[in-house]
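Chemist: Quick one, fold the following:
(chains A and B)
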Amino acid sequence: MNLRRIIAPVDAVLQRVLALLMLLLVSCVTWQVVSRYLLGDPSSWTEELARYLLVWIGLLGAAFAYGCRAHMAIDLLQGRLGERGRALLRALIAALVLVFALLVTVLGGSSLVALTWELKQESAAMGVPMAMVYTVIPLSGLLIALYAIADIADALRGARR
Amino acid sequence: MSFLVLCIVLALLLAIGVPIAFALGLATLCTMLLSVDPLPAFTTMAQRMAGGINSFALLAIPLFILSGNLMARGGIARRLVNFARALVGALPGGLALVNVVACTLFGAISGSAIAATSAVGGVMIDEMRREGYGRAFGTALTAAASTTGMLIPPSNILIVYAVASGGVSVAALFLGGYIPGILLALALMFVCLAHTRRAGLRGGPRSSLADIARASFSALPSLLLIVLVIGGIVGGAFTATEAGAIAVVYAFVLAVLVYREVAPGEIADILLKSAETTAVVMLLIATSTCLSWILAYENIPQLISDTLLGFSDNPLLILLMINLVLLLVGAFMDMTPAVLVFTPIFLPVATQLGMSPLHFGIMLVMNLCIGLCSPPVGSLLFVGSAIGRTSIGEIVRPLLPMYLAMFLALMLVTYLPATAEWLPRLFGFAG
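Modeler: Residues are numbered from 1 along each chain as shown, chains lettered A, B, ... in the order given. Alright, predicted model coming up:
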């Protein structure tokens, strides 16, 4: 199917973005230490920026990790099933993840973004709109949904064989 | 009623193998929908997920993961094994003791029990087999000893607990982990001594002073990381998060510029791997933040606390019961989700019994250490059996006396609060 053809470039972009965000996170906290000890002028925005970077890494990375099957699960049942049963179970699990991603992260996340945009909520130190920070929630949700749909398609094709 | 729904849905989702982070989220969602309208429930959960991650204390976790990944690839395992050999290699059962010491040091520096099992196991298991210890014993010992690094700082799981408990000092937890971690290592060393006596194994050649000096000198830069990080946090020079950044810079200089075991081209890959590991932990924190909110909203910790305290008012008995429940949980669930789910449930009971949150956290993590290397879902067993090329069934037999030793150490820490509280108090952190 062509879903995999969409996923490969998405994966490649996610990998670069995540490595870059991680590098920014390290630089940001390091700068906080340097500015306090070496420059004697503690920076006011590094702590806030670092926290928001963590939210982005956490949620975007969660989508990437889902695509790599890196999330922890108790997979005792899987080993006890036949090949067909295992494929159906995999489809069921991906469907449950899809439900969570669509309802909470995509729907709930977008409504949170809309809400904070209307209320013009801004962060304390840098004054960035909170809606921008929260945009990562529906974004991550869409990516997880994409991976989950591809997983369901793969699993069902495997079950039919 | 809502608690029943929560438990049943969560148990079902976990049993069929839904990733734990999503299972926690889905179970919370079902419970919430009993009393809240759908769209507000979705929005609240999305906000709490982001809010759970948005914390300065948690920032230490990606930083220590990254420094651990840099160190783990930097050929540190071999240097630490040589250092441990110079220290304890000549004692009877020397090679087994070397394994315990190396796993402990490596676990502390890398902050990952899995990294310790694979890195030290890769060096030690074959060597132990050649000396007649048996592949299964060597693998079992590596897995069990790797857990000590979870207690000995810097330790990410203690940071997770600090956040889950709502404000125990990370510095105090770090100091509190030392003695219990060392007790765990000593308990395993006793098992080694008993095993070597039965098998009639002797120690290695005595190291000369020059050998000891050479091995120490080569391991010193890695060990210095611990001194720098813990010294800085305890001395109040920087926060745990800032210590994490310093650890990254130090590990980078050491692994890339001094030891030259990490090529600059590998950096992007290490950054990505660290982001992925971070995200796995963060998603668990995000959804379990929702879970602990619904637990508090439904007054469930109070309910459990009342039930347990109504069952018996003997603190010794209740602590034993909590420990047994946690051992069972640990056998099925990985450490991070277990800490996140059970801290809000059992911490109120423990504090009502007069236990300090610091002491409880150390006991909780130590307990779950045993679960990391016990079937059916001990991640260290899977990694260990792959590295040691044995089956899990074979490793479990030599592990049995090790479980007993670890359990005894756990009981010591449970009933002697000073094991966890003395060191932090010495440095001026009130429990």
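
Chemist: Now name the helix or strand holding the nearest residue to residue B:13 once chain neighbours are set aside.
Modeler: Once flanking residues are discounted, residue B:13 sits nearest to residue B:23: 3.8 Å by Cβ to Cβ, 6 or more residues apart in numbering or on different chains. Quick note: C-beta positions are derived from backbone N, CA and C, even for glycine. Per DSSP states H and E, residue B:23 falls inside helix B:20-33.

Chemist: So which other helices or strands are in contact with that helix?
Modeler: In terms of contacts (3 or more Cβ pairs under 8 Å, 6 or more residues apart in numbering or on different chains; DSSP states H and E), helix B:20-33 is packed against helix A:83-100, helix B:2-16, helix B:38-53, helix B:267-297, helix B:335-352.

Chemist: mind checking which of those helices is nearest residue A:26?
Modeler: Nearest to residue A:26 among the helices and strands packed on helix B:20-33 is helix B:267-297 (8.5 Å), distances taken as Cβ to Cβ.

Chemist: Please work out the average pLDDT along the longest helix along chain A.
Modeler: Longest helix of chain A, by residue count under DSSP state H: helix A:3-37. Helix A:3-37 carries an average pLDDT of 92.

Chemist: name the helices or strands packed onto it?
Modeler: Applying 3+ Cβ pairs under 8 Å, 6+ apart, one finds that helix A:3-37 contacts helix A:46-67, helix A:136-160, helix B:60-73, helix B:240-252, helix B:267-297.

Chemist: Look at residue 56 and say how many residues are nearby.
Modeler: Let's take chain A. Residue A:56: 22 surrounding residues under other Cβ atoms under 10 Å in any protein chain shown.

Chemist: wait, I meant chain B there
Modeler: 16.

Chemist: list the contacts for it?
Modeler: A:47, A:50-51, B:239, B:241 (Cβ atoms under 8 Å, 6 or more residues apart in numbering or on different chains).

Chemist: 7 Å instead, please
Modeler: Residues counted as contacts of residue B:56 (Cβ atoms under 7 Å, 6 or more residues apart in numbering or on different chains) are A:47, A:51, B:241.

Chemist: how much space between it and residue A:53?
Modeler: Using Cβ to Cβ, to the nearest Å, we find residue B:56 at a distance of 12 Å from residue A:53.

Chemist: pretty sure residue B:356 contacts residue B:420?
Modeler: No - in this structure residue B:356 lies outside contact range of residue B:420 using Cβ atoms under 7 Å: 8.2 Å.

Chemist: More neighbours: those two, which one.
Modeler: When residue B:356 and residue B:420 are compared for neighbours, residue B:420 comes out ahead with 29 against 19, by other Cβ under 10 Å.

Chemist: Over to the more buried one. Which of the three states is it?
Modeler: helix (DSSP: H, G, I helix; E, B strand; the rest coil).

Chemist: distance of residue B:227 from chain A?
Modeler: 17 Å (Cβ to the nearest Cβ, to the nearest Å).

Chemist: Can you get me a residue count around that residue?
Modeler: That count, for residue B:227 with other Cβ under 10 Å as the rule, works out to 10.

Chemist: Which helix or strand contains it?
Modeler: Per DSSP H and E, residue B:227 falls inside helix B:209-234.

Chemist: so who does the residue in chain A that chain B sits nearest to touch?
Modeler: Here chain A gets closest to chain B at one residue, residue A:61, 2.5 Å apart by Cβ to the nearest Cβ. The neighbours of residue A:61, taking Cβ under 7 Å, 6+ apart as the test, are A:18, B:275-276, B:278-279.

Chemist: and with 8 Å instead?
Modeler: By Cβ under 8 Å, 6+ apart, the contact list for residue A:61 reads A:18, B:275-276, B:278-280, B:282.

Chemist: so which of these is the most crowded?
Modeler: When neighbours are taken as other Cβ under 10 Å, the top entry among the contacts of residue A:61 is residue B:275 (31 neighbours).

Chemist: Could you check how far that residue is from chain A?
Modeler: 4 Å.

Chemist: Let me know the helix or strand that the closest residue to residue B:146 other than its chain neighbours is in.
Modeler: In space, and not counting its chain neighbours, residue B:146 is closest to residue B:116: 3.9 Å by Cβ to Cβ, 6+ apart. Following DSSP H and E, one finds residue B:116 within helix B:113-130.

Chemist: who does the helix or strand that that helix is followed by touch, helix- and strand-wise?
Modeler: Next in sequence after helix B:113-130, counting helices and strands by DSSP H and E, comes helix B:135-146. The contact analysis (3+ Cβ pairs under 8 Å, 6+ apart) places helix B:135-146 against helix B:94-110, helix B:113-130, helix B:170-199, helix B:379-388, helix B:392-415.

Chemist: Return the most buried member of the ones you listed.
Modeler: Among the helices and strands packed on helix B:135-146, helix B:94-110 has the highest mean neighbour count (mean count of other Cβ atoms under 10 Å in any protein chain shown), at a mean of 28.

Chemist: I'd like to know which elements it is packed against.
Modeler: helix B:60-73, helix B:76-88, helix B:113-130, helix B:135-146, helix B:170-199, helix B:209-234.

Chemist: Give the buried residues for the last one.
Modeler: In terms of neighbour count (16 or more other Cβ atoms under 10 Å in any protein chain shown), helix B:209-234 has its buried residues at B:215, B:218-219, B:221-223, B:225-226, B:229-230, B:232-234.

Chemist: quick check: angle from it to helix B:60-73?
Modeler: Helix B:209-234 runs at 170 degrees relative to helix B:60-73, counting by axes from the mean of the first three to the mean of the last three Cα atoms, to 10 degrees.

Chemist: Report the angle between helix B:209-234 and helix A:3-37.
Modeler: Using the same axes, to 10 degrees: helix B:209-234 against helix A:3-37 is 80 degrees.

Chemist: can you list contacts of stretch B:352-365?
Modeler: B:150-151, B:155, B:157-158, B:161-162, B:165, B:168-169, B:172-173, B:176-177, B:180, B:305, B:309, B:315, B:318-319, B:323, B:326, B:335, B:339, B:342-343, B:346-347, B:350-351, B:410, B:413-414, B:417, B:419-421, B:424, B:431.

Chemist: tell me the mean pLDDT over it?
Modeler: Per-residue pLDDT values over stretch B:352-365 give a mean of 95.

Chemist: same check, this time on stretch B:415-431
Modeler: Across stretch B:415-431, pLDDT averages out at 90.

Chemist: what does that stretch contact?
Modeler: For stretch B:415-431, contacts defined as Cβ under 8 Å, 6+ apart pick out B:169, B:171-173, B:175-180, B:183, B:234, B:316, B:319, B:355-359, B:362-363, B:412-413.
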